[in-house]
Every structure is written in structure tokens, then in C-alpha cells.
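1. the sequence isn't on hand, but the structure is:
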């Protein structure tokens, strides 16, 4: 009988990525390609949610399961990823910036 071992730090992104539906990566890839210019793409979170909802994913499930936490997967694929969300009473939409390393 195999013993259960602790997850290695080097394995965490692979495990997290495996839990994210393919539709999430499809939408991010689509928006990155659409908005890519001068070495980077700015992807607005609400645009991601609209497209995921159209694909049948529920916003509650998306947030509850952390399916928008894609930064590590894209970093592992060679991207530099930044995420910014508004602080209390700041009037802008959360967004990701994907740029070449």
C-alpha cells in the first residue's frame, strides 16, 4: 500500500491548474490574443466572467473554486503576469496584465 506524502512545492501549480476548467484557459487565451499589443495584453476580469458565463460557468462557482487564479499557470508557460484589483472605493475594474518575460 502506497503512503500518502506531502505535496511538493514544485507540484502545486500543476495540481491547481488541473482543477481549472478548460473553458477558463480558452477564455484567457482568447482575450490575451485579442488584446496583445506592444508586448503585453490587459485582460479585464469582468470580460473574462462574461465569456465564462456564456460558456455555462456560474460566477459563484468561478470565485468559490478560485478558477481565475491562473497567474501561476501562465507564469509556468513563460508569461509575466500581474493582477490588480481596486481597493476600497476605487472606481476601476480588476484586470490582469500578461507580458512577455
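-> Ah, there it is. All figures in this text were calculated on a predicted structure; none of them were measured in a lab.
2. and the helix-or-strand element of the chain with minimal mean pLDDT, what's buried?
-> None of the helices or strands of the chain scores lower by mean pLDDT, DSSP states H and E than helix 12-19, at a mean of 73. By neighbour count with 16 or more other C-beta atoms under 10 Å, helix 12-19 contains the buried residues residue 17. Using the backbone N, CA and C atoms, a C-beta is placed for each residue, glycine as well.
3. other SSEs contacting that helix?
-> Judged by 3 or more C-beta pairs under 8 Å, 6 or more residues apart in numbering; DSSP states H and E, the packing partners of helix 12-19 are helix 71-76.
4. give me the contact list for the helix it packs on.
-> Applying C-beta atoms under 8 Å, 6 or more residues apart in numbering, the contact partners of helix 71-76 are 12, 13, 16, 17, 20, 25, 28, 81, 83, 96, 98.
5. and with 10 Å instead?
-> 12-14, 16-18, 20, 24-25, 28-29, 32, 79-83, 96, 98, 101 (C-beta atoms under 10 Å, 6 or more residues apart in numbering).
6. just the buried subset of those, please.
-> 17, 20, 24, 25, 28, 32, 79, 81, 96, 98.
7. wait, the second one sits on residue 67?
-> Yes: Residue 20 is within contact range of residue 67, at 5.1 Å (criterion: C-beta atoms under 10 Å).
8. tell me which element residue 82 is part of?
-> strand 79-84 (DSSP states H and E).
9. what does that strand contact?
-> 32, 39-43, 45, 68-75, 90, 92-101.
10. how far off centre is stretch 83-92?
-> 18 Å (C-alpha atoms, centre = their mean, to the nearest Å).
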